[in-house]
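Enquirer: coords please:
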Amino acid sequence: MKILVTASGNDLNAPLDSRFGRAANFIIYDLDTDAWSVIDNRQNVNAAQGAGIQSAETAVRSGARCLVTGHCGPKAFKVLSTAGVRVFYSKALTVSDALKEYRAGTLAEAASAET
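Expert: Alright, predicted model coming up:
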């Protein structure tokens, strides 16, 4: 299963980006193979509007079944939920720490967007 994690950098030691729609990068991590890759999301960092929806569409196209981030707005949350992508909020310092929390089962699935 693939997990998308918001990142300020481009590796597993990068800081977790607390923003979903305007995160600089997405780390796609495959729990089955431990392989990972980076999706550049910089086109949405300075978007005037629609960053959350565009980022959600990118997440869905990536094949991720879960999102780990610090915050997800209501429009993006709706797109993700409709596509069956589960959302988890984390306050971890790094992508690696967020993945450890997910694997340990300590992250609760979000029932709604954070406002």
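Enquirer: centre of the chain versus the longest helix anywhere in the chain, how much separation?
Expert: In the chain, with assignment by DSSP state H, the single longest helix is helix 51-62. Centroid separation between helix 51-62 and its chain, computed with Cα atoms, centre = their mean, to the nearest Å, is 10 Å.
Enquirer: buried sites along that helix?
Expert: Ala51, Gly52, Ile53, Gln54, Ser55, Ala56, Thr58, Ala59, Val60, Ser62 (16 or more other Cβ atoms under 10 Å). In this view, the C-beta of every residue, glycine as well, is placed from N, C-alpha and C.
Enquirer: For it, give me every contacting residue.
Expert: 2, 4, 20-23, 26, 28, 39, 41, 43-45, 47, 67, 72-73, 75-77, 79-80, 83, 85 (Cβ atoms under 8 Å, 6 or more residues apart in numbering).
Enquirer: Which entries within those meet the buried criterion?
Expert: For the contacts of helix 51-62, buried by 16+ other Cβ under 10 Å: 2, 4, 20-23, 26, 28, 39, 41, 44-45, 67, 72-73, 75-77, 79-80, 85.
Enquirer: next structured bit after the longest helix of the chain?
Expert: strand 66-69 (DSSP states H and E).
Enquirer: Please work out the average pLDDT along the longest helix of the chain.
Expert: Mean pLDDT, helix 51-62: 90.
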